[in-house]
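[1] Sequence unavailable; structure follows:
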């Protein structure tokens, strides 16, 4: 039932004695260790899962040790019997539960005391403590200096089996004779303490990517990138950008432990860190590469583009603990940069994450008052004086209690050198009131766009025309 790593830990514990306690049953808050579910290997023949599903956990540096107040003092020359009971847990061969009565360094139970001189005890294991048992009874003989009720017993636990479904706990109690301890009867009440020692949870976030958005500029006919760190953070130069990286630095959390050593989990404990990367998106323009540096100049990683030019896969496994950036260079090809979103996946485990979005810098038209009131006929006029068609989208901001649903004309295209007239009722459907504000984003230079609203009062034929504010 023991693997080589567990055996090595057990042997080391036998010769090192009890380490500093990590779980203090005297504490007012739980000291229980929480192990990472994603670090458990559940396949057959696993090194840390028993056949019945119990998890083998290792206290590599005393993390599983249990400290508890004696609760009841023992006079010099006196004898007591102490019992530890496990719930949803059990000892294993690596627990190395021992007590030879000679006060040797291999004893599983030791005493800590602030008194001088400190009490000296001979500890003898009388019952339990064997592989798969759930209790251990020790005889404690105090030879010199009385043990105070506030002195502590420390149980060294180099290893333990714990349930994967229920929290594991331990109960300590003192008895005046062995028969009582064996039968769990007439314990010295002031000595009884119970506390949780371990459970299983997860803090793995699973993030494998860090996105960086980038914008292509209208003024360059969408062949160069916008130099704006807040809205286009992926830009490196006019014709060089990255849409983000495969990055597993945020993959695992920080609050759970590795069952193999009771240390905080590392990425390698919960993820295969050597895999191929598969980037997805539109790669029909420019030159796309994978690079190990955020400036896209550290070292290109050999990769292959598929025939449809929508996936780019590294030719060999890469080390995931090194970020890998998806880069676009357009200074050579000088293609029109398409809008689109990108993602990355790990080829073996299937983990995936979103990368950035390529968008266009736009001209904004603010409409402070857009109405679908039935007694009015309101139109929005968009004038495009450029030599290219300009796509647009519309967003809405409503009062409390009002719902705006985009209509068929909320998105569209303004033809080159043309005026587009749109009825307000075709842009939006309103519920709750008949008015809202809106912003239209147009893929064009500010100087090429003008916009107005015209509202006709159907009852008297009067009109109200408003020039709209256009910004970029």
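    All right, it came through fine. From a predicted model like this one, the values you see are computed outputs, not experimental measurements.
[2] Do you have the helices of the stretch 251-400 of the chain handy? List them.
    Using DSSP state H, counting those that start in this stretch, the helices of the stretch 251-400 of the chain run over 267-270.
[3] What segments of it are strands?
    274-275, 277-280, 287-291, 300-301, 303-305, 311-314, 318-319, 324-329, 340-346, 352-360, 363-371, 376-384, 390-397 (DSSP state E, counting those that start in this stretch).
[4] Check which residues of the third one are buried.
    This points to strand 287-291. Neighbour-count burial for strand 287-291, with 16 or more other Cβ atoms under 10 Å as criterion, is recorded at 288-291. To be clear about C-beta, it is placed using only N, CA and C from the backbone, and glycine gets the same treatment.
[5] can you check stretch 57-72 too?
    Buried residues in stretch 57-72, defined by neighbour count with 16+ other Cβ under 10 Å: 57-60, 62-72.
[6] Among these, which one lies nearest to residue 350?
    Nearest to residue 350 among the buried residues of stretch 57-72: residue 57, at 28.0 Å, using Cβ to Cβ.
[7] The closest one pairs with what?
    residue 160 (DSSP bridges).
[8] What is the burial count for residue 157?
    Per other Cβ atoms under 10 Å, the neighbour tally for residue 157 reads 33.
[9] and it, what does it touch?
    The contact partners of residue 157, by Cβ atoms under 8 Å, 6 or more residues apart in numbering, come to 59, 64-66, 95, 108.
[10] Reformat the residues you listed as TSV; add secondary structure and pLDDT.
    Below are the contacts of residue 157 laid out as TSV (DSSP: H, G, I helix; E, B strand; the rest coil; pLDDT from 0 to 100):
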residue	secondary structure	pLDDT
59	coil	89
64	coil	95
65	coil	96
66	strand	96
95	helix	94
108	coil	93
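[11] can you redo the residues you listed as a markdown table with distance to residue 315?
    Converted to a markdown table, these look like this (distance: Cβ to Cβ, whole Å):
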| residue | distance to residue 315 |
| --- | --- |
| 59 | 43 |
| 64 | 45 |
| 65 | 49 |
| 66 | 52 |
| 95 | 48 |
| 108 | 54 |
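[12] any idea which of those is the one closest to residue 282?
    Taking Cβ to Cβ as the measure, residue 282 lies nearest residue 59 of those, at 52.0 Å.
[13] Distance-wise, check the nearest residue to that closest one once chain neighbours are set aside relative to residue 354.
    Excluding the flanking residues, the one nearest residue 59 by Cβ to Cβ, 6 or more residues apart in numbering is residue 262, at 5.2 Å. Remark: distance between residue 262 and residue 354 (Cβ to Cβ, to the nearest Å) = 34 Å.
[14] So between those two, which is more surrounded?
    Neighbour totals were compared for residue 262 and residue 354, and residue 262 leads with 20 against 15 (other Cβ under 10 Å).
[15] surely that one meets residue 65?
    No: counting by Cβ atoms under 8 Å, residue 262 sits too far from residue 65 to count as a contact (10.4 Å).
[16] among the strands of the stretch 251-400 of the chain, which is the most enclosed?
    Per residue and on average, the most neighbours among the strands of the stretch 251-400 of the chain fall to strand 324-329, with a mean of 24 (mean count of other Cβ atoms under 10 Å).
[17] which helices and strands does it pack with?
    In terms of contacts (3 or more Cβ pairs under 8 Å, 6 or more residues apart in numbering; DSSP states H and E), strand 324-329 is packed against strand 240-246, strand 287-291.
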